[in-house]
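Participant: Okay, here's the prediction I keep looking at, along with the sequence it came from:
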Amino acid sequence: MIRVLVVDDDFMVARLHSSVVASQPGFEVVGAARTGADALSAVRTLRPELVLLDIYLPDMSGLEVLRRFRESAADYPVDVIVISAARDLETLRQSLRSGVFQYLVKPFEVESLRARLEDYAAHQAELRRLTEVGQEEADRVFRTASGRIPAPKGISPETTDLVLQALGDAPDADLSATECAEATGLSRSSTRRYLEHLVTIGRAEMRPRYGVAGRPERRYKIVPR
């Protein structure tokens with residue numbers, strides 16, 4: 001089981017993230033923290049393998065928490081998926097330099113978090129299988145274009161190509177999940193899962209479109225190679 005610590009100052013958000021993790025095969029939630037200090041303490045006492053970390057915390061920035069994680073990595077090694085509303089480029093860069101595994105921008109669909117957890121589990125399985133490292137193995141571990149992590153369970157290459165084709169043929173250059181479902185003949189839930197997978201692997205991007213009222217509509221656009 002992959003042990004996970006959830007760090008978010010919003011109790012309801014932390015509860016939601018914890019429920020998603022707990023429902024994911026191969027994962028267990030070992031604790032939740034609402035401040036940076038609590039997160040640092042929990043890593044020392046609970047020894048999680050993965051931390052879901054918010055950037056906006058009441059006592060210190062999540063970036064400072066990341067820095068301290070790395071300082072104590074020899075004694076308390078931990079991987080991090082950042083989950084935050086922070087959208088500025090500098091936060092993204094610092095997160096990348098700190099070695100975060102993924103960066104998930106709030107708000108997001110639950111399937112987006114599930115996809116990243118599946119990606120992390122596949123990555124860890126790949127590491128456990130390695131006995132000797134050549135360039136191909138190094139590419140897979142470091143997730144380069146020539147060595148991609150296998151797609152999550154239930155994601156087929158054929159259907160992935162079908163969704164990619166629909167995005168590429170979109171008359172307005174982007175599609176909602178509903179429009180893509182109509183174009184492919186898939187259910188809306190399946191289509192959204194494939195769209196989020198394409199976002200995860202960098203083949204598509206999601207941008208919100210704000211209307212007159214209500215939640216913004218998520219629009220998906222293909223990323224040219």
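Facilitator: Happy to help now that I have it.
Participant: can you pull the contacts of residue 64?
Facilitator: Each residue near residue 64 by C-beta atoms under 8 Å, 6 or more residues apart in numbering is listed here: residue 36. Yep, even glycine has a C-beta here, placed from its N, CA and C like the rest.
Participant: That one: which element?
Facilitator: helix 62-71 (DSSP states H and E).
Participant: How about that helix, which residues are buried there?
Facilitator: By 16 or more other C-beta atoms under 10 Å, the buried positions in helix 62-71 come out as 62, 63, 65, 66, 68, 69.
Participant: Stretch 180-187 now?
Facilitator: Buried, per 16+ other C-beta under 10 Å, within stretch 180-187: 180, 181, 183, 184, 186.
Participant: These into CSV, with extra columns for distance to residue 73, secondary structure and pLDDT?
Facilitator: CSV is the format used below for the buried residues of stretch 180-187 (distance: C-beta to C-beta, whole Å; DSSP: H, G, I helix; E, B strand; the rest coil; pLDDT from 0 to 100):
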residue, distance to residue 73, secondary structure, pLDDT
180, 41, helix, 93
181, 43, helix, 93
183, 46, helix, 92
184, 43, helix, 92
186, 42, coil, 91
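Participant: got the end-to-end distance for stretch 44-56?
Facilitator: End-to-end distance for stretch 44-56: 21 Å, by C-alpha to C-alpha, to the nearest Å.
Participant: Mind listing residues that contact it?
Facilitator: For stretch 44-56, the external contacting residues (C-beta under 8 Å, 6+ apart) are 2-9, 13, 17, 21, 30-31, 39, 42-43, 61-63, 65-66, 69, 72, 76, 78-86, 91, 95, 100-101, 120, 124.
Participant: Show me what the top helix by length along the chain packs onto, helices and strands only.
Facilitator: Longest helix in the chain by number of residues, with DSSP state H as the criterion: helix 110-129. If contacts are counted by 3 or more C-beta pairs under 8 Å, 6 or more residues apart in numbering; DSSP states H and E, helix 110-129 sits against strand 2-7, helix 11-22, strand 79-84, strand 102-105, helix 135-141, helix 188-200.
Participant: pLDDT-wise, which helix or strand of this structure ranks last?
Facilitator: Using mean pLDDT, DSSP states H and E, helix 135-141 stands out as the lowest-scoring helix or strand of the chain, at a mean of 69.
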